[in-house]
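Asks: Mind looking at a prediction? Sequence and model below.
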Amino acid sequence: MKLNLALAQIATKLGDVEANLEKHIHYIEQAKAQKADLLIFPELSLTGYVLQDLVASVAHKPTDDDPVFRHLLQASHHLDLVVGFVDEDSRHRFYIASAYLSGGKVLHVHHKVYLPTYGLFDEGRFFAWGDSVRSFDTRFGRVGMLICEDFWHASPPYLLWLDGADIMLFSSASPGRGLNDREKLESARWVERVSKAYASMFTSFVVHCNRVGFEDGLLFWGGATVNDPNGELIAQGPYFEEALTLAALDLNQLRRTRARLPLLRDERTALVQKELNRILSRG
Amino acid sequence: MVDLTINTDVAREILTSFIRSEVTRVGYSRAVVNLSGGLDSALSLVLAVEALGAENVLALCLPYRTSSPDSLEHARLLIDQFQVQSETIDITPMAEPLIQRDPNISNVRKGNILARMRMIVLYDKTETFKGLAIGTSNKTEILLGYSTLWGDMASAINPIGDLYKTQVRQLSRALGVPAPILEKPPSADLWQGQTDEGELGFTYEQVDKLLYLLVDQRYSPQECIEEGFDVAFVNVVIARVRRNQFKRMMPPIAKLSNRTVGYDFLYLRDWGT
């Protein structure tokens, strides 16, 4: 089975959901024309990243009657979509969220579970922490979504793997930092390294879509990647500029890789559980 | 060993995109740079030219009667090489009435007056040229506070403020800044014979390495001393960085209400763009 994947590494207008929605529609049209089955947008693709006091004013609910999601759900009849937004729950808590839309329905919403609040990041000040990591079924098999800092920690991808995800969809708004004499920024090298590592260790497809553009002095570096279950890079978007990157995923590769390298079969989850229980109960 | 070498291709791409993005998103297409004849403003000018095109950049030369003739000559080299529009305005008749009011005026006061006079002219030209003022302060001087508040520090955007002086030199060389500018001793040229390193009491080469460890790599003062830096030097630099924090901030507002600019009214400058 083949999956034609498209990654839209876009720049956003900070706090202007309407303008960003328009850009989404534009990229959806392009991806459709290129026969994509699934199109991924970056973290907070509908709102911009350093929202601070804009959070409440840009929040939306992923429902039919929402003025933004109405259009996106409509578009998801043609191809599946992953979009980044600020989700407001019924008790007015605001989350950094990714929604997977397919066939006019919301299949899954992930709330970011790790909110970086250190260095240049201040997410914990403005957002509520998500509290679940779940895989879900799509027409391409079982999928898991994580947002940026979520996959800087090893446990969320591991949980998705055990929960059945064969395709991991990572989205980011990753500010470039760490310029030295190398060709790539330190932040880009780090994310590329762990994406490749997860694909290799979990013998899964690992897809990463990061935004581009500036917010004040912060530059988001783009460079979308797709790694296959062998940990091989099969597609990469450019750095620093908007682009639609296409990748044809041969989903049969999962079977071939895992027949050779049965890491999933041999994973000793009971042992993990036992040791975790021991470690966490030490008090 | 501390290595401050940067990949100049990556720096060039990021900094020119930064200028283009931050100028155009607020509806402008042009920029104004105050050219001192020195390295920092040379780099800012070259980056602005690459970002916006030479026709969209105005170089200002603002000499004072005691300015070194070399400064103007070096600015001219750059203007000719990069084919930008320029304007030379002698600030002596503007600054002199204030300076003459006090026969005992110190060099520091005089230097501050000149830096602020240049800021006034720069901002006036941003209005007539319809361009944004491009900053020329590097990371070393920002951290050391070796600059005039509301003077040479004033700008709309600063492309070079995260580059140490030695990195400014490296990038300038890669971007083709003429040799006489690259090779002369850095100077604010506020009085004759002034050099940055003479005034500061240490070289940029030394202080950049120390600042890189203290700031970028989060070394403790003790760890810097263990790396071979002189105790007195480390203490002087740390004191300077701390003492000049005020220059790196907007003035604090006394909080009275529930929502106060600077504390809990938080929006990026790029809000809505």
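Replies: Perfect, I can see it now. Numbers count the residues shown, from 1 in each chain, chains lettered A, B, ... in the order given.
Asks: Distance from the chain centre to the helix or strand of chain B with the lowest mean pLDDT, please.
Replies: For chain B, scoring each helix and strand by mean pLDDT, DSSP states H and E identifies helix B:196-200 as the least confident one, at a mean of 91. In terms of CA atoms, centre = their mean, to the nearest Å, the centre of helix B:196-200 is found 16 Å from the chain centre.
Asks: Do any residues in the very next helix or strand once past that helix lie close to chain A?
Replies: Using DSSP states H and E, the helix or strand that follows helix B:196-200 towards the C-terminus is helix B:204-211. No: using CB under 8 Å from any CB of the partner chain, helix B:204-211 never reaches chain A; the gap is at least 13.9 Å. In this view, the C-beta of every residue, glycine as well, is placed from N, C-alpha and C.
Asks: Show me what the helix or strand following helix B:204-211 is packed against.
Replies: For helix B:204-211, the succeeding helix or strand toward the C-terminus, using DSSP H and E, is helix B:221-226. Other helices and strands packing on helix B:221-226, by 3 or more CB pairs under 8 Å, 6 or more residues apart in numbering or on different chains; DSSP states H and E, are helix B:231-243.
Asks: sorry, back to before: identify the residues contacting the least confident helix or strand of chain B?
Replies: Taking CB atoms under 8 Å, 6 or more residues apart in numbering or on different chains as the criterion, the residues outside helix B:196-200 that touch it are B:144, B:146, B:185-188, B:203-204, B:207.
Asks: Any of those buried? List them.
Replies: Using 16 or more other CB atoms under 10 Å in any protein chain shown as the burial test, these include B:144, B:146, B:186-188, B:204, B:207 as buried.
Asks: which one in those residues is the model shakiest on?
Replies: By pLDDT, residue B:188 ranks lowest within the buried ones among the contacts of helix B:196-200, coming in at 86.
Asks: List the buried residues of the longest helix along chain B.
Replies: If each helix of chain B is counted by residues according to DSSP state H, the longest one is helix B:107-129. Taking 16+ other CB under 10 Å as the basis for neighbour counts, the residues of helix B:107-129 that come out buried are B:110-122, B:125-126, B:129.
Asks: What is the nearest of these to chain A?
Replies: residue B:126 (19.2 Å; CB to the nearest CB).
Asks: who are the neighbours in contact with the nearest residue to residue A:261 once chain neighbours are set aside?
Replies: Once its chain neighbours are removed from consideration, residue A:261 has its nearest residue in residue A:203; the separation is 5.9 Å (CB to CB, 6 or more residues apart in numbering or on different chains). Neighbour list for residue A:203: A:229-230, A:254, A:257-258, A:261, A:263-264 [criterion: CB under 8 Å, 6+ apart].
Asks: any idea how far residue A:228 is from residue A:203?
Replies: As for residue A:203, its distance to residue A:228 is 9 Å (criterion: CB to CB, to the nearest Å).
Asks: overlap in contacts of the two?
Replies: In terms of CB under 8 Å, 6+ apart, residue A:203 and residue A:228 are both contacted by the residues residue A:257.
Asks: where do the strands sit along chain B?
Replies: Under the criterion DSSP state E, chain B contains strands at B:30-35, B:57-61, B:85-88, B:131-133.
Asks: and chain A, which of its residues are near chain B?
Replies: Neighbours of chain B within chain A, by CB under 8 Å from any CB: A:13-16, A:50, A:52-54, A:176, A:179-185, A:213-217, A:219, A:240.
Asks: Which of the residues you listed fall within strands?
Replies: Assignment to strands by DSSP E places the following of the residues of chain A next to chain B there: A:213-215, A:219.
Asks: Lovely, talk soon.
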